[in-house]
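Trainee: Need coordinates for the below:
(chains A and B)
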2 protein chains.
Amino acid sequence: MSTPTTHDTQIALDPDVPLVRITREFDASPAKVFRAHTDPELVKRWNGPRGYEMRIDSWDCRTGGSYRYVHLAGGEEYAFRGCFHELRPDELIVQTFTWEGMPDGVALEKMVLEELPGGRCRLTATSLVDSFADRDAFVASGMEVGVREGYERLDEVLAGS
Amino acid sequence: MSTPTTHDTQIALDPDVPLVRITREFDASPAKVFRAHTDPELVKRWNGPRGYEMRIDSWDCRTGGSYRYVHLAGGEEYAFRGCFHELRPDELIVQTFTWEGMPDGVALEKMVLEELPGGRCRLTATSLVDSFADRDAFVASGMEVGVREGYERLDEVLAGS
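Mentor: Here you go, the predicted model:
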């Protein structure tokens, strides 16, 4: 096949706590998907919606490290930053996340990878904030498009790596 | 006075989100209280319940830094670690927090300092987790004693600094 299989991205709003839960399968091992989230040269090939370029200003991707990156398109810049609370190779990343345009908004993000039969894996990513209004505004801002398109781009990176 | 005035510590469970909110006044400026949270020599004089010694294993207290410390008493050790998402001098600290005995439990913590008349300040500290059960177990574990006694010890540090 010249194009990779893509899978559906489920984006669910938790009814009880102000959390978004994203579930996605990939036709690649947890090790490959983990590396695509930690190696900056791979990250910038897929992170964000189509049509955006990603510039990584700092990337110290380890337990206790931190990051800052910028998405650029049409003369606009959107900067994001946070710290890495924990990395467990091929399994878990826990980090904080702030869009600098709203510097008081901080999300606690967890990404979990589970191995599936046939060399595949399931990614579950949760994003927790401290109010339902902020969670719903984040989702209404168009975050879903960025997530879905980003994971389609990740499929392409995994197929070629 | 030979002993500092102490203030009541309010510990409230948010009814809508899995968050604990601690409110406490101090007879000291935001700058002094901020320094007592960031200077490791001061932190270890008050952080934790009475009767515990605090050993700081790492302390890179800046936006993007991280920390690990241990509370010791009676031959027992309790280790805690996390990363510093943001520090705004004399105003705000946002960090993650994990007790290593429960390594999958991660809290997102914000401490805000507001100046009050008469050289005083109000501290508001929130701790957000991703489930009400975990939040309530954390409070039931005796966290309130540690918080109240820690702030009484902090009053003593501030009175002497």
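
Trainee: elements contacting the biggest helix by length in chain A?
Mentor: In chain A, assigned by DSSP state H, the helix with the most residues is helix A:144-160. Judged by 3 or more CB pairs under 8 Å, 6 or more residues apart in numbering or on different chains; DSSP states H and E, the packing partners of helix A:144-160 are strand A:9-13, strand A:19-26, helix A:30-38, helix A:40-46. The way it works is simple: take the backbone N, C-alpha and C, and place the C-beta from them, glycine included.

Trainee: and of these, who's closest to residue B:59?
Mentor: Closest approach to residue B:59 among the helices and strands packed on helix A:144-160 is made by helix A:30-38 (25.3 Å; CB to CB).

Trainee: Residues in contact with that closest one: which ones?
Mentor: Residues from elsewhere that reach helix A:30-38, judged by CB atoms under 8 Å, 6 or more residues apart in numbering or on different chains: A:26, A:42-43, A:46, A:61, A:87, A:89-91, A:93, A:111, A:113-115, A:121, A:123, A:154, A:157-158, A:161.

Trainee: can I get the helices and strands packed on helix A:144-160 in JSON lines with mean pLDDT and mean neighbour count?
Mentor: Formatted as JSON lines, the helices and strands packed on helix A:144-160 follow (pLDDT from 0 to 100; neighbours: other CB atoms under 10 Å in any protein chain shown):
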{"stretch": "strand A:9-13", "mean pLDDT": "95", "mean neighbour count": "14"}
{"stretch": "strand A:19-26", "mean pLDDT": "98", "mean neighbour count": "20"}
{"stretch": "helix A:30-38", "mean pLDDT": "98", "mean neighbour count": "19"}
{"stretch": "helix A:40-46", "mean pLDDT": "98", "mean neighbour count": "16"}
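
Trainee: thinking again about what came up before, over the longest helix of chain A, what's the mean pLDDT, rounded is fine.
Mentor: The average pLDDT for helix A:144-160 rounds to 94.

Trainee: chain center to it: distance?
Mentor: 10 Å (CA atoms, centre = their mean, to the nearest Å).

Trainee: Please apply the same query to stretch A:132-142.
Mentor: Going by CA atoms, centre = their mean, where stretch A:132-142 is centred and where its chain is centred differ by 16 Å.

Trainee: Same question for stretch A:89-108.
Mentor: Distance, centroid of stretch A:89-108 to centroid of chain: 10 Å (CA atoms, centre = their mean).
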